[in-house]
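Participant: I'd like to go over a predicted model; first the sequence, then the structure.
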Amino acid sequence: MKKHIYLILILTSLLSCNSNDETSEFEQDSFTGEWKLTEAFISSGGPQYWVDIKNGEKLVFFKNKTFKSNKYSKCKSGNFSIEIDTLNLEYTCDGFQTNAENQAGLITYIIDFKSNYFILTPTSGPICIEGCSYKYQRQ
């Protein structure tokens, strides 16, 4: 009888899982590659809304935990790390600084990783007063 109850519990838990969920666990191999900023979630004093971004920033992540970006003209590369749900970017050009680094010299974001895109929400530097997020799609 106990075996039947365990079997029923296992089947119930398997059937209750939502297989359409787009959320993915971060995996280094699935994150490497080229990503392009395609949308921004912004507010102009009211409710937030998505806007399309043309010619958005490109980020390229490599297996050796380095990245390239076209966001800044004075520095285009650095190192990255992901800790739980935080993306850390460290630009490695001598003397290069932006107003977006935290005290440790990192530009940080909350990352919501999906199968073919991710959303970044800034957590360092000037933070959007009404909140903002940025969607990057795999290229």
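Facilitator: Yep, it's here.
Participant: use CA for all of it now, contacts and neighbours both
Facilitator: Will do.
Participant: wait, what's in contact with the residue nearest the centre of the chain?
Facilitator: Taking Cα atoms, centre = their mean, the centroid of the chain lies closest to Ile111, which sits 3.3 Å from it. Ile111 is in contact with 85-87, 118-121, counting by Cα atoms under 8 Å, 6 or more residues apart in numbering.
Participant: partners of the closest residue to it other than its chain neighbours in the sheet?
Facilitator: Of all residues beyond its chain neighbours, the one nearest Ile111 is Leu120 (4.8 Å), with distances taken as Cα to Cα, 6 or more residues apart in numbering. Taking DSSP bridges as the rule, Leu120 bridges to Ile111, Tyr134.
Participant: quick one: contacts for Leu120?
Facilitator: Shown in contact with Leu120 (Cα under 8 Å, 6+ apart): 109-112, 133-136.
Participant: what about Lys54, neighbour count?
Facilitator: 10 (other Cα atoms under 10 Å).
Participant: mind listing what's buried along stretch 105-112?
Facilitator: By 16 or more other Cα atoms under 10 Å, the buried positions in stretch 105-112 come out as 105-112.
Participant: would you mind giving those as JSON lines with pLDDT and distance to Glu39 added?
Facilitator: Shown next, in JSON lines, are those (pLDDT from 0 to 100; distance: Cα to Cα, whole Å):
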{"residue": "Gly105", "pLDDT": "94", "distance to Glu39": "26"}
{"residue": "Leu106", "pLDDT": "97", "distance to Glu39": "23"}
{"residue": "Ile107", "pLDDT": "97", "distance to Glu39": "20"}
{"residue": "Thr108", "pLDDT": "97", "distance to Glu39": "19"}
{"residue": "Tyr109", "pLDDT": "96", "distance to Glu39": "16"}
{"residue": "Ile110", "pLDDT": "96", "distance to Glu39": "16"}
{"residue": "Ile111", "pLDDT": "96", "distance to Glu39": "15"}
{"residue": "Asp112", "pLDDT": "95", "distance to Glu39": "14"}
